[in-house]
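Engineer: After the sequence you'll find the predicted model.
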Amino acid sequence: MFQTGLRCGPALATPTAMLTIVFDLDGTLIDTAPDLIDTLNFTLTEHRLPPVPYQDARPLIGGGARGMIERALIMKGRAASSADVDALYTPFVAHYAAHIADRSRPFPQAEATLDHLARAGHRLAVCTNKLEWLSKRLLDTLRIADRFAAICGQDTFGVQKPDPHIFRQTVLRAGGKPERAIMVGDSVTDIRTARAANVPIVAVDFGYTDVPIATLEPDRVIGSFAELPRVILGLTQSKNVMSDQAFIRHKN
């Protein structure tokens, strides 16, 4: 499926080599845990509930605000009915929107790598379970939103990852082709999304998953964004990933 001839350098990739590289947001591009966990604990304490320790709260990130709240309540042995989650959701979003980038920052070398991939001719996009307007506010505040041809959240198409529809529609909105795309993420949700969408998945090992990411069997694992251009080049040239059989494997 993937063509050879990709050049990850200053020269532009040929049109046949161009990829749409779709990034998860929280725990992949941006270290959002400090502000998300601060917001979670502010919201919990405002409702006279105990806060969640930072290290325990970190793996709760990735399923959107509602999912984070629900898992935090369950962790504390509390009821997590829709009404309970709803009572915390609105104040959570309001507080988070006001403090969205107090301490959140791109992971090391993320910005330079995005620029490198763009110079190589690739389209870049974000596909996240965060609300779209919060995602755009975060990336705007950090001054990197303009690097992406599309920024799509759980409300953009009415579905969340791991539903492959959100991935495919993100690629299309970015102007790319789903069969010429790669997912970059940090969690089992991202891996399941990529598998369902029949695309390769590169996983970062510095994200928020509570198990070693390699045990979830992504196609590749990177420990630094500096590795990503080389890994993408290897994926495009690898017979295991280029072949139709690899994509059939993703379908099963």
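Structural biologist: All right, it came through fine.

Engineer: where does Ala125 fall, phi/psi-wise?
Structural biologist: phi -150, psi 160 (degrees, to the nearest 10).

Engineer: Quick check, it in contact with Val171.
Structural biologist: Yes - under the criterion of CB atoms under 8 Å, Ala125 makes contact with Val171 at 6.7 Å. Heads up, the C-betas are built off the backbone N, CA and C, glycines and all.

Engineer: quick one: the strands in this protein?
Structural biologist: For the chain, applying DSSP state E gives strands covering 20-23, 30-31, 105-106, 123-127, 150-152, 181-185, 201-204, 220-222.

Engineer: want to throw the ones you listed into CSV with mean neighbour count?
Structural biologist: Shown next, in CSV, are the strands of the chain (neighbours: other CB atoms under 10 Å):
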stretch, mean neighbour count
strand 20-23, 28
strand 30-31, 22
strand 105-106, 16
strand 123-127, 26
strand 150-152, 23
strand 181-185, 27
strand 201-204, 26
strand 220-222, 19
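
Engineer: Of those, which is nearest Leu60?
Structural biologist: strand 30-31 (14.9 Å; CB to CB).

Engineer: and the closest one, average pLDDT?
Structural biologist: Strand 30-31 comes out with an average pLDDT of 98.

Engineer: helices or strands up against that strand?
Structural biologist: Applying 3 or more CB pairs under 8 Å, 6 or more residues apart in numbering; DSSP states H and E, we find strand 30-31 packed against strand 105-106.

Engineer: got a list of contacts for the strand it packs on?
Structural biologist: Strand 105-106 is touched from outside by 29-31, 142, 144, with contacts defined as CB atoms under 8 Å, 6 or more residues apart in numbering.

Engineer: Swap in 10 Å and give it another go.
Structural biologist: With contacts defined as CB atoms under 10 Å, 6 or more residues apart in numbering, strand 105-106 is touched by 29-32, 34-35, 112-114, 139, 142-144, 225.

Engineer: I'd say Pro200 and Glu179 touch.
Structural biologist: No - with contact defined as CB atoms under 10 Å, Pro200 and Glu179 do not form a contacting pair (11.2 Å).

Engineer: who has more neighbours, those two?
Structural biologist: Pro200 (28 against 14; other CB atoms under 10 Å).

Engineer: which helix is the longest one in this structure?
Structural biologist: When the chain is scanned for its longest helix (criterion: DSSP state H), the result is helix 82-98.

Engineer: State the separation between that one and the centre of the chain it belongs to.
Structural biologist: Put simply, helix 82-98 sits 22 Å off its chain's centre (CA atoms, centre = their mean, to the nearest Å).
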